[in-house]
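**Student:** Got a predicted model here, sequence first, then my questions.
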Amino acid sequence: MEEIKKIAKQLLSENKVQMVIGFEKGTANKVRPAFFTKPDDVEKLIYNEACIHNLALYLKKDICHHVSNVAIVANPNVVRSIIQLASENQVKEEKVTIIGISFEGKSIGILDFKAAEEFAKTQPKGLKPEDRAFIEKVQAMPMEERFNYWVETFSTCVKCYACRASCPMCYCGKCNVETNNPQWIPVASHKYGNLEWHIMRAMHLAGRCINCGECTRACPVDIPLNMLSYMLTDFVMDEFHAEAGLSATYAPALSSYTNIDKENFIK
Amino acid sequence: MSEFEPKIVAFVCNWCTYAGADLTGTSRIKYSSNVRIVRFPCTGRIDYMLLTKAFAGGADGIIVSGCHPNDCHYTSGNFYARRRWMVFRRLCDFMGIDTRRIIFSWVSAAEGAKWAQIVNSANEEFKKLGPYENYHKLSTQEIFE
């Protein structure tokens, strides 16, 4: 933690960055994201096992619009998010300084994009066993039961869009769900509207999701909606051998193609 | 009681399948009239939300069709569409949406007979499956509950 503070302080005092995004102590033993602009403020910066939020999402929020250079305390998920954002031309290397944190919570110094890519590649890949077990459990249900399961699961959704707000990949200025002419998705949070919202969300993240699980963590009613994205990530990896967040020159799976994609389902 | 007649929505591309369906007509090949054809510039334009909208609006089955690979008027629209369909089919399967009710095909402008055959066989299949009540119930009744 001291090392992260030292790096952050140095960056701010040497005027290399205008803002450092990190964590500070919140209420009731919790941590909260914090934005440091003065070297003296950095004393408040902390990093511990409770710091699991994906800070990369702030790179696309208003708070980063008026600053030209930002440093960000980046655990492996944040590093992958930044690389994925870079591959979609959403962040520029010269504007973001990555203060890398290893999987064990140790500082590994400042990473440029090349080092960040290398670092991301060393992280554990694929689905966690418990996630895979969940997906297989759902997949084993008969079709009707599966449909009812998801409809019932989504019926508790209150359409607060916390999943969207917490996702670093959901950066569109205007989301499809707010389009009302034509209206793609009903505004009210009834079962039908909820189902369509989650279909759309999962499809828009297919091949782009980096499996950080922020959406489910942010969900106030604990819907396992990350499972849809995880399942698609797994599918995209199997079918197209594409994985998000590992290369800044990655072409998202659904914005590219090969001549040999499977078409056994096409008549 | 009369036999159940499924409502079928066909999303087709302007350059191949729409022209193919036109050929079916000018060749005087008879085919099932349950199908409602919606014309798009390219299969790459066919958003998956349109498919869910069709189900919500009362469709019992969907046909999505466009140019054969390498024949796209815009060179690569159907390649992008093919990937999107693969992923969408997987998602539908995982969420329990009936993938038997969504039929994908390639029909070129010269394949009038193939179009008639696809619509007829789809019609037979959707007849067997019956109305898609699961989704219709969701989109009509649930709203007013």
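**Tutor:** Cool, the structure landed.
**Student:** going forward, measure contacts and count neighbours with C-alpha atoms only.
**Tutor:** OK.
**Student:** Let me know the pLDDT of whichever residue of the stretch 151-267 of chain A sits closest to chain B.
**Tutor:** Residue nearest to chain B within the stretch 151-267 of chain A: residue A:267 (4.4 Å; C-alpha to the nearest C-alpha). In this model, residue A:267 is scored at 82, pLDDT.
**Student:** ditto for residue B:142
**Tutor:** 56.
**Student:** How about residue B:26?
**Tutor:** 95.
**Student:** Residue B:51 versus that one, what's the distance?
**Tutor:** Residue B:26 sits at a distance of 28 Å from residue B:51 (criterion: C-alpha to C-alpha, to the nearest Å).
**Student:** Could you verify my assumption that the residue of the stretch 151-267 of chain A closest to chain B touches residue B:102?
**Tutor:** No. Between residue A:267 and residue B:102 there is no contact, the gap being 11.2 Å when judged by C-alpha atoms under 8 Å.
**Student:** what are the phi and psi values for the residue in the stretch 1-150 of chain A that chain B sits nearest to?
**Tutor:** Taking C-alpha to the nearest C-alpha as the measure, the stretch 1-150 of chain A has residue A:147 as its residue closest to chain B, at 4.1 Å. Note on residue A:147: backbone dihedrals following degrees, to the nearest 10 are phi -60, psi -50.
**Student:** Assess the claim that it and residue B:91 are in contact.
**Tutor:** No. Applying C-alpha under 8 Å, one finds residue A:147 not in contact with residue B:91, separated by 11.5 Å.
**Student:** Can you tell me the SS state at residue 90?
**Tutor:** No chain was given, so I picked chain A. On the three-state scheme (DSSP: H, G, I helix; E, B strand; the rest coil), residue A:90 is labelled coil.
**Student:** Number of residues surrounding it?
**Tutor:** Residue neighbour count, defined by other C-alpha atoms under 10 Å in any protein chain shown, stands at 14 for residue A:90.
**Student:** Against residue A:70, how distant is it?
**Tutor:** Using C-alpha to C-alpha, which is the criterion applied here, residue A:90 is 14 Å from residue A:70.
**Student:** which SSE is the residue nearest to residue A:243 when sequence neighbours are not counted in?
**Tutor:** If the residues on either side of it in the chain are set aside, residue A:243 comes closest to residue A:237, at 5.9 Å by C-alpha to C-alpha, 6 or more residues apart in numbering or on different chains. Here residue A:237 is covered by helix A:226-240, with elements defined by DSSP states H and E.
**Student:** buried stuff in that helix?
**Tutor:** In terms of neighbour count (16 or more other C-alpha atoms under 10 Å in any protein chain shown), helix A:226-240 has its buried residues at A:226-237, A:240.
**Student:** Appreciated, that's everything.
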